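> this is a predicted model, with the sequence first.
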Amino acid sequence: MSKYIVMGSQWGDEGKGKIVDNISQNMDLVVRFQGGANAGHTVIIEDKKYVLHLIPSGIISGKAKNIIGNGCVIDPITLAEEIEEMKNSGIKIQTNKFFISSGAHIVTPLHKILDNKLNKKIGTTSRGIGPAYMDKAQRSGIRMDSIVDGSFEKKFYEHLEYYKNIYSFIDETTINEIKNMLPNILESIKIIKPFITDTENIIYDSIQNNENILYEGAQGTLLDIDHGTYPFVTSSSTTIGGAFTGSGVFVEFDKRIGIMKSYTTRVGEGPFPTELHDEIGEKLRKNGNEFGATTGRPRRCGWLDLPLVKKAIMLNGFNYFVITKLSCLSGFDKIKVAIDYDKNNKPIYKEFEGWQKEVYGITDINELPKNCINYIEFIEKYLNVPIGIISTGPNRKHVIIKNNL
Ligand code: GDP
Ligand code: IMO
Ligand code: MG
């Protein structure tokens, strides 16, 4: 009986999807508890690639039940498309294996328009995430339960009316354009309706039955609405507290797994103290193929920032780490890691000798170059939390298990 939670320890895209897929082969239940289609989780098995935005990455293993919890915001059109895409890739999406919380909030086309108009300076994913959570907090949101009780259409029209009176850029033409999208939305709603239920009961029963449970975080610790680099954050609780409010159940997680890229990336605007604007940053981007899975934007790249990861430990109580994308550091003469900040808030670096050997796909720790081991061991000592899995490539099987979960 295992109860795990996987969360990003940086600014997202740490490789959560790959690890969730890997672990969920032994899980009975996988739960998403926050965020929406702003997430992009890539899973590669053999030569097949899956990119998930809303559906938990646990769906691919085929074994676990998968839940989108009440803390998530769902665009019905995107979700229906994702279900279709998964089915076309041979993944089964059945009503006894996939569930959507009746308390999750709906993202509308108007939310996306608002996102593009109001949130440019944050560099959001344009998926309507902020405005959907804004409606939730303002108590004017539309929830999944409206699809079940038949009140969705009425609430949708009220929602348009509400915003028409608030923002002058929401004019009659815009409103008519959105109204014209309603048939498409209703089609998508038909596809997702059979999956809507009170998901907290499923999670609770699973705990009572001593099943193996895995929570899948989206985004990263530093994008948390409260504890991230505000205002350059997303609009949900990406840290451990979000798991409880976002699923409706207290789970005593025995492994709180932090995913940490072996360097740092960030998409969108906001502070990034170890960012590299030179050819080294460019090389990291190239080696790591650092382009967003959701928007295709180039990710900003820089050295690993350990004080920030330490903050993520404080917030989430990580007791197990996975380090990813180590192969992308091969070929550098020197590798730097931020270990502190000076009085001007500039990072203080420790420099490591690089390694030239290709480590892509290695599954035996003894095959890693000495300098690579030194790097990992320093990080582990600094964080004072074991690094249990070393990920050496994007494929499900590209892992070194250093300490069993
Ligand atoms: P997530 O949002 O945390 O799930 O991460 P993404 O899937 O958005 O981004 C991580 C990217 O790195 C994806 O393209 C993965 O296929 C890839 N990836 C994950 N782990 C590794 C690794 O260890 N090495 C390499 N080279 N790529 C990896
Ligand atoms: P995964 O789950 C990386 C970033 C956006 C933007 C900020 C706010 O794949 O790790 P939003 O659309 O959420 O209002 O945008 O957050 N962002 C992500 N960056 N990975 C993600 O998800 C992200 N989800 C949002 O780029 O800077
Ligand atoms: Mg991602």
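Alright, I've got the coordinates. Ligands and ions are numbered 1, 2, ... in the order given.
> now for residue 350: which residues touch it?
Taking Cβ atoms under 8 Å, 6 or more residues apart in numbering, we find residue 350 in contact with 336-337, 339, 378. In short, each C-beta sits where N, CA and C put it, glycine included.
> quick check: which of those residues are also close to ligand 2?
Here nothing survives when the contacts of residue 350 are matched to ligand 2 using Cβ under 6 Å from any ligand atom.
> the residues you listed, buried ones only, as a PyMOL selection?
In PyMOL, this line selects whichever of those come out buried by 16 or more other Cβ atoms under 10 Å:
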select buried, resi 336+337+339
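> adding pLDDT, secondary structure and distance to ligand 1, write the contacts of residue 350 out as TSV.
Listed next are these as TSV, based on pLDDT from 0 to 100; DSSP: H, G, I helix; E, B strand; the rest coil; distance: Cβ to the nearest ligand atom, whole Å:
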residue	pLDDT	secondary structure	distance to ligand 1
336	98	strand	20
337	98	strand	18
339	98	strand	23
378	98	helix	19
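> which pair of the contacts of residue 350 spans the longest distance?
Across those, the longest distance by Cβ to Cβ is 11.7 Å; it joins 336 and 378.
> joint contacts of these two?
Contacts common to residue 336 and residue 378, judged by Cβ under 8 Å, 6+ apart, are 350, 352.
> C-alpha coordinates for stretch 19-35, PDB please?
Only the C-alpha atoms of stretch 19-35 are listed here, as PDB (Å, rounded to 0.1, in the frame of the first residue of the first chain):
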ATOM      1  CA  ILE A  19       8.000   9.800 -13.800                       C
ATOM      2  CA  VAL A  20       4.200   9.600 -13.100                       C
ATOM      3  CA  ASP A  21       3.900   7.200 -16.000                       C
ATOM      4  CA  ASN A  22       6.800   5.200 -14.800                       C
ATOM      5  CA  ILE A  23       5.500   4.900 -11.200                       C
ATOM      6  CA  SER A  24       1.900   4.400 -12.200                       C
ATOM      7  CA  GLN A  25       2.500   1.000 -13.600                       C
ATOM      8  CA  ASN A  26       2.200  -0.100 -10.000                       C
ATOM      9  CA  MET A  27      -0.600   2.200  -9.000                       C
ATOM     10  CA  ASP A  28      -4.400   1.700  -8.600                       C
ATOM     11  CA  LEU A  29      -5.300   5.300  -8.700                       C
ATOM     12  CA  VAL A  30      -3.800   8.500 -10.100                       C
ATOM     13  CA  VAL A  31      -5.200  11.900  -9.200                       C
ATOM     14  CA  ARG A  32      -4.600  15.400 -10.800                       C
ATOM     15  CA  PHE A  33      -5.600  18.000  -8.200                       C
ATOM     16  CA  GLN A  34      -4.900  21.500  -9.700                       C
ATOM     17  CA  GLY A  35      -4.200  23.400 -12.900                       C
END
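> and the stretch 201-350 of the chain, which of its residues are near ligand 2?
Selection of the stretch 201-350 of the chain residues close to ligand 2 by Cβ under 6 Å from any ligand atom yields 218-220, 223, 234-235, 267-268.
> please convert the residues you listed to TSV, extending it with secondary structure and neighbour count.
What follows is these, written out as TSV (DSSP: H, G, I helix; E, B strand; the rest coil; neighbours: other Cβ atoms under 10 Å):
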residue	secondary structure	neighbour count
218	coil	31
219	coil	30
220	coil	29
223	helix	28
234	coil	28
235	coil	26
267	coil	24
268	coil	22
